[in-house]
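below is the structure, and that's it, no one-letter string:
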Ligand code: AMP
Ligand code: MG
């Protein structure tokens, strides 16, 4: 073994700690009793310029567990506030997550490296600052599945068990820590935290930090606040269109879980749909169905209104003028969302040019999927691998739709083979199906066996591969296997 394999070294380059002290609390993770490695993400480590073997070393595991502070790391808990299910909470913050620092990756991008479940912080309120193995494995698999599907998201670098148990409603559960990687952990709620405290200096500092970090093209904007708002609106519209196109339901779209960079963040009670239903909800705590599939665009827009409110002062000296500007930007959300949604959905049904009634064609397929209780993923996958004149449901309204669709494809000036190729690269065989996620968590908890976790993780990493179609992970759940509720499990 060479030296690099014995010692984890991350080339930290921390910028958030240079912001004003009210942005964070400096503190180290709380040590755990006997950490053990579950998994390391070799390719992500490579992207970050970290030797994956060093993450697996004894020293690496101690760092991933928060028992040892790596050179260059300046651990902090970030301050933020937010609206939870529409209710204002003036102080949230990293209650169980600790940012180790930032690093510049081989793709030129700056990334946060954060431990989730690393112990109590000044923001923990009544919580224990810990995570158990269920949410850690769920976030690991689902975030990596999203990355493989091309959806903007935080990533998972590693997971360890702690050797300590964590008390949850269901009793003592094995503790675990996820190492999460994100372009940043700045949320709408970060702006709200300072707006609620009328701390304009902090908002201004945050605004410039965010522009430098995520939207450098806006550095010379005439009205940086307005330009930033428009950019975040665009990024969120793109993100939600991605979610809709893969049947992903986030489940807790609170403003503190709405990232400024436009990445999916905070995989709590999230799930991919099996059978399509526009009003599908998975989260056990979302009793009002606020965050149902079909509400996701509207809720994102609601979250962005809250961001706009934080930026008003910087848009114009005259409050009324500022409100008018912000409102105009917010009104753009619908148009931006439909724009991105059509990009995703046209590709899913193999349309390589644009016609006026494409949205109607897509919507009628969705209606039919709901009426016939079809599996979301498989319906699109079948379109991708069949000739348009080979009906997947002979006779009836589905067949009628298919005839409409094949006429539309015929109208394209582009060869059918290209349409099919696009569909095959766009419609996955594999999503992280909820029943499989739950089953692998159960195996890990009850049998201390991570083989189902590793198998599922491997499958979701190559979602478009033809080999999967007849494999175990592509199948929709049977009625008995179906899991329709998820628990936040914090
Ligand atoms: P989440 O629902 O994961 O987005 O978390 C909402 C807020 O609750 C954040 O401020 C978290 O840091 C905090 N939180 C969640 N779980 C815990 C926990 N076990 N201990 C302390 N704080 C927590
Ligand atoms: Mg959160």
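Nice, thanks for sending it over. Model, not experiment: these values are computed from the prediction. Ligands and ions are numbered 1, 2, ... in the order given.

neighbours around residue 472, how many?
Residues contacting residue 472 under the criterion other C-beta atoms under 10 Å number 10. Glycine gets a C-beta too; all of them are placed from N, C-alpha and C.

contact residues of the chain facing ligand 2?
By C-beta under 5 Å from the ion, the residues of the chain that approach ligand 2 are 257, 266.

what parts of the chain come near ligand 1?
Contacts of the chain with ligand 1, taken as C-beta under 6 Å from any ligand atom, map to 92-96, 123-124, 127-130, 252, 256-257, 266, 268, 490.

where's residue 114, which helix or strand?
strand 110-116 (DSSP states H and E).

what strands line up against that strand, and which way round?
Sheet partners assigned to strand 110-116 using DSSP bridges are listed as strand 97-104 (antiparallel), strand 171-182 (antiparallel).

as CSV, these with mean neighbour count and mean pLDDT would be great.
Formatted as CSV, the strands paired with strand 110-116 follow (neighbours: other C-beta atoms under 10 Å; pLDDT from 0 to 100):
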stretch, mean neighbour count, mean pLDDT
strand 97-104, 23, 98
strand 171-182, 22, 98
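
per-residue pLDDT, the residue most central in space within the chain?
By C-alpha atoms, centre = their mean, the mean C-alpha position of the chain lies nearest to residue 264, the distance being 2.4 Å. Looking at residue 264, its pLDDT is 98.

pretty sure it contacts residue 152?
Yes: with contacts counted by C-beta atoms under 8 Å, residue 264 reaches residue 152, the gap being 6.4 Å.

residues shared between the contacts of these two?
residue 239 (C-beta atoms under 8 Å, 6 or more residues apart in numbering).

could you check how many residues crowd around residue 407?
Residues contacting residue 407 under the criterion other C-beta under 10 Å number 10.

could you do residue 155 as well?
Residue 155: 21 surrounding residues under other C-beta under 10 Å.

for the residue nearest to it when sequence neighbours are not counted, which residues count as its bridge partners?
Residue nearest to residue 155 in three dimensions, not counting chain neighbours: residue 181, with 4.5 Å by C-beta to C-beta, 6 or more residues apart in numbering. Beta bridges link residue 181 to residue 113, residue 155, judged by DSSP bridges.

I figured residue 125 hits residue 94, correct?
No: Residue 125 lies out of contact with residue 94 (C-beta under 8 Å); the separation is 11.6 Å.

looking at these two, which has the bigger crowd around it?
residue 94 (25 against 12).

just the buried ones from the residues of the chain next to ligand 1?
Buried subset of those (neighbour count, 16 or more other C-beta atoms under 10 Å): 92-96, 123-124, 128-130, 252, 256-257, 266, 268, 490.

one step back: rounded mean pLDDT for the helix or strand following the strand holding residue 114, please.
Counting by DSSP H and E, the element after strand 110-116 in chain order, helix or strand, is strand 131-132. Here strand 131-132 scores 97 as its mean pLDDT.

mind listing the strands strand 131-132 pairs with, and their directions?
Strand 131-132 has the following strand partners under DSSP bridges: strand 171-182 (antiparallel).

C-terminal to the partner strand, what's the next element?
Counting by DSSP H and E, the element after strand 171-182 in chain order, helix or strand, is helix 188-196.

elements contacting that following helix?
Applying 3 or more C-beta pairs under 8 Å, 6 or more residues apart in numbering; DSSP states H and E, one finds that helix 188-196 contacts strand 82-84, helix 200-214, helix 296-315.

could the ones you listed go into TSV alongside distance to residue 66?
As requested, those are exported to TSV (distance: least, C-beta to C-beta, whole Å):
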stretch	distance to residue 66
strand 82-84	25
helix 200-214	25
helix 296-315	31
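
save the ones you listed as CSV, and put in mean neighbour count and distance to residue 416 too.
Shown next, in CSV, are the helices and strands packed on helix 188-196 (neighbours: other C-beta atoms under 10 Å; distance: least, C-beta to C-beta, whole Å):
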stretch, mean neighbour count, distance to residue 416
strand 82-84, 20, 48
helix 200-214, 18, 40
helix 296-315, 20, 32
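
how about those in TSV, adding mean pLDDT?
Output for those, formatted as TSV (pLDDT from 0 to 100):
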stretch	mean pLDDT
strand 82-84	98
helix 200-214	98
helix 296-315	98
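
pick out the residue in the stretch 101-250 of the chain sitting closest to ligand 1.
Ligand 1 sits closest to residue 127 of the stretch 101-250 of the chain, with a gap of 2.2 Å, by C-beta to the nearest ligand atom.

which residues touch the closest residue to that residue other than its chain neighbours?
Spatially, and ignoring its direct neighbours in sequence, residue 127 is nearest to residue 95 (5.1 Å; C-beta to C-beta, 6+ apart). Neighbour list for residue 95: 77, 120-121, 123-125, 127, 129 [criterion: C-beta under 8 Å, 6+ apart].

please apply the same query to residue 160.
Residue 160 makes contact with 35-38, 61, 64-65, 176-177 under the criterion C-beta under 8 Å, 6+ apart.

what do you get if the cut-off is 10 Å, keeping everything else the same?
Counting by C-beta atoms under 10 Å, 6 or more residues apart in numbering, residue 160 makes contact with 32, 35-40, 55, 60-67, 115, 117, 136, 175-179.

give me the neighbour count for residue 215.
Residue 215, neighbours per other C-beta under 10 Å, totals 21.

from residue 234, how far out is it?
Here residue 215 is placed at a distance of 10 Å from residue 234 (C-beta to C-beta, to the nearest Å).

helix, strand or coil for the residue nearest to residue 127?
coil (DSSP: H, G, I helix; E, B strand; the rest coil).

which pair of the buried ones among the residues of the chain next to ligand 1 spans the longest distance?
Farthest-apart pair in those is 128 and 257; separation 20.1 Å (C-beta to C-beta).

overlap of the contact sets of residue 215 and residue 234?
In terms of C-beta under 10 Å, 6+ apart, residue 215 and residue 234 are both contacted by the residues residue 262.

which element is residue 410 on?
Using DSSP H and E, the element containing residue 410 is helix 396-411.

before we move on, back to that, is the residue nearest to the centre of the chain bridged to anything, and to what?
On the basis of DSSP bridges, residue 264 is bridged to residue 153.

what about residue 22, how many neighbours?
Neighbourhood size, residue 22 [other C-beta under 10 Å]: 14.

distance check, the closest residue to it other than its chain neighbours against residue 384.
Spatially, and ignoring its direct neighbours in sequence, residue 22 is nearest to residue 202 (6.2 Å; C-beta to C-beta, 6+ apart). Distance from residue 202 to residue 384, counting by C-beta to C-beta: 49 Å.

and what of residue 71?
According to C-beta to C-beta, residue 71 stands 49 Å off from residue 384.

higher neighbour count, these two?
Under the neighbour definition other C-beta under 10 Å, residue 71 and residue 384 were set side by side, and residue 384 has more, 21 against 11.

mind checking pLDDT for that one?
Residue 384 is assigned 84 on the pLDDT scale.

the residue lying closest to it once chain neighbours are set aside is in what secondary structure piece?
Nearest in space to residue 384, with sequence neighbours left out and distances taken as C-beta to C-beta, 6+ apart, is residue 423 at 3.5 Å. Applying DSSP H and E as the criterion places residue 423 in helix 416-426.

same for that helix, what does it pack against?
helix 319-348, helix 376-384, helix 396-411 (3 or more C-beta pairs under 10 Å, 6 or more residues apart in numbering; DSSP states H and E).

that concludes my questions; thank you for your assistance.
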